[in-house]
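**Q** coords below, sequence missing:
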């Protein structure tokens with residue numbers, strides 16, 4: 001049931017948000033938009049079906065520590 005809600009919401013986003021951008025003719029923006037939309041959809045579907053996704057917190061924390069020397 002939750003997967004159906006996710007699919008419906010993404011179809012809603014594509015219909016009302018992506019299609020106007022696609023019709024505007026900005027090709028590079030469409031490619032980036034579609035790539036990010038696809039990645040977020042894949043991650044959310046994996047989460048809905050119970051797959052354990054690795055946390056990105058540790059990677060971000062290490063990166064900030066290296067940049068700022070904290």
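**A** Right, received. Where do you want to start? Worth saying up front: this structure is predicted, and the values here are computed from it rather than measured.
**Q** I'd like to know which helix or strand in this protein has the lowest mean pLDDT.
**A** The least trusted helix or strand in the chain, going by mean pLDDT, DSSP states H and E, turns out to be helix 19-23, with a mean of 85.
**Q** that one: what's the following helix or strand?
**A** helix 27-48 (DSSP states H and E).
**Q** pLDDT score assigned to the spatially most central residue of the chain?
**A** In the chain, the residue lying closest to the centroid (C-alpha atoms, centre = their mean) is residue 40, at 2.1 Å. With respect to pLDDT, residue 40 scores 92.
**Q** can you check residue 54 too?
**A** 80.
**Q** again with the one 10 residues further on
**A** Taken from the predicted model, the pLDDT recorded for residue 64 is 90.
**Q** quick check: it vs residue 53, distance?
**A** Note on residue 64: its distance to residue 53, by C-beta to C-beta, to the nearest Å, is 21 Å. The way it works is simple: take the backbone N, C-alpha and C, and place the C-beta from them, glycine included.
**Q** give me the number of residues near residue 48?
**A** Using other C-beta atoms under 10 Å, residue 48 has 15 neighbouring residues.
**Q** one step back: ok, and what's touching the least confident helix or strand of the chain?
**A** 29-30, 33 (C-beta atoms under 8 Å, 6 or more residues apart in numbering).
**Q** and those residues as a markdown table, adding neighbour count, distance to residue 4 and pLDDT?
**A** Formatted as a markdown table, the contacts of helix 19-23 follow (neighbours: other C-beta atoms under 10 Å; distance: C-beta to C-beta, whole Å; pLDDT from 0 to 100):
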| residue | neighbour count | distance to residue 4 | pLDDT |
| --- | --- | --- | --- |
| 29 | 12 | 29 | 89 |
| 30 | 15 | 27 | 89 |
| 33 | 16 | 24 | 90 |
